[in-house]
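Peer 1: coordinates only, sequence not included:
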């Protein structure tokens, strides 16, 4: 996410510098040489720049799609639950932090509600991946009260600390 804002800042700064240099060049032209072509010649360059930047930002957004981690406050206020891993898939994406992104299908068992299944994407390091790779593994989790599909799974918590809800 930080990379997203760094790229956005670089684009904004680059666009401002480009516009300033363009207008300085346009003003420096003798009055007889200022034609419509000179005024609008750089327009395709700015369109291409804008489309490229928009594509990069969309690509970053797609890469993190499905990963909306809970904040510390949301974790404290969330619904305690247990999660059982039904399936795991590795979309072959690694992050710069040395962890991999995995897609999980989980059965979530809230203490105060009906169990439900959810598709969940999370970044997991190698130690966690070896432990959670088996379907049937159980972990403690917290679900967002307003949007139950948003979870925080405590991958390193022993299964014995997950809520004792009878599976259905």
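Peer 2: It's in. Keep in mind that what you see is a predicted model, and the values were worked out from it rather than measured.

Peer 1: Three-state assignment for residue 9, please.
Peer 2: Judged by DSSP: H, G, I helix; E, B strand; the rest coil, the three-state class of residue 9 is helix.

Peer 1: Tell me, what's the model's pLDDT at it?
Peer 2: Residue 9 is assigned a pLDDT of 75 by the prediction.

Peer 1: what's the neighbour count on it?
Peer 2: Residue 9 is surrounded by 10 other residues when neighbours are defined as other C-beta atoms under 10 Å. Placement of C-beta: from N, CA and C, glycine included.

Peer 1: Can you give me the domain boundaries for this structure?
Peer 2: Partitioning the chain according to automatic domain parsing yields domains covering residues 2-63, 72-161.

Peer 1: Among the ones you listed, show the one with the smallest mean pLDDT.
Peer 2: Note on the domains of the chain: domain 2-63 shows the lowest mean pLDDT, a mean of 66.

Peer 1: didn't residue 129 look like it was pressed against residue 102?
Peer 2: Yes. With contact defined as C-beta atoms under 8 Å, residue 129 counts as touching residue 102 (7.0 Å).

Peer 1: So for these two, which sits in the more crowded spot?
Peer 2: residue 102 (19 against 15).

Peer 1: Quick check: that one vs residue 109, distance?
Peer 2: As judged by C-beta to C-beta, to the nearest Å, residue 102 and residue 109 stand 20 Å apart.

Peer 1: Ok, residue 24 next?
Peer 2: The separation that residue 24 has from residue 109, given C-beta to C-beta, amounts to 65 Å.

Peer 1: Name the residue in these two with the higher neighbour count.
Peer 2: Neighbours per residue, other C-beta under 10 Å: of residue 24 and residue 109, the larger number sits with residue 109, 24 against 9.

Peer 1: helix/strand/coil for residue 18?
Peer 2: Classification of residue 18 by three-state DSSP places it in helix.

Peer 1: Check which residues of whatever helix or strand residue 6 lives in are buried.
Peer 2: Per DSSP states H and E: residue 6 is located in helix 2-28. Residues of helix 2-28 classed as buried under the neighbour-count rule (16 or more other C-beta atoms under 10 Å) are residue 11.

Peer 1: For the longest strand out of those in the chain, which strands pair with it and how are they oriented?
Peer 2: With secondary structure taken from DSSP state E, the chain has its longest strand at strand 79-94. Under the criterion DSSP bridges, strand 79-94 sits next to strand 100-110 (antiparallel), strand 138-143 (antiparallel) in its sheet.
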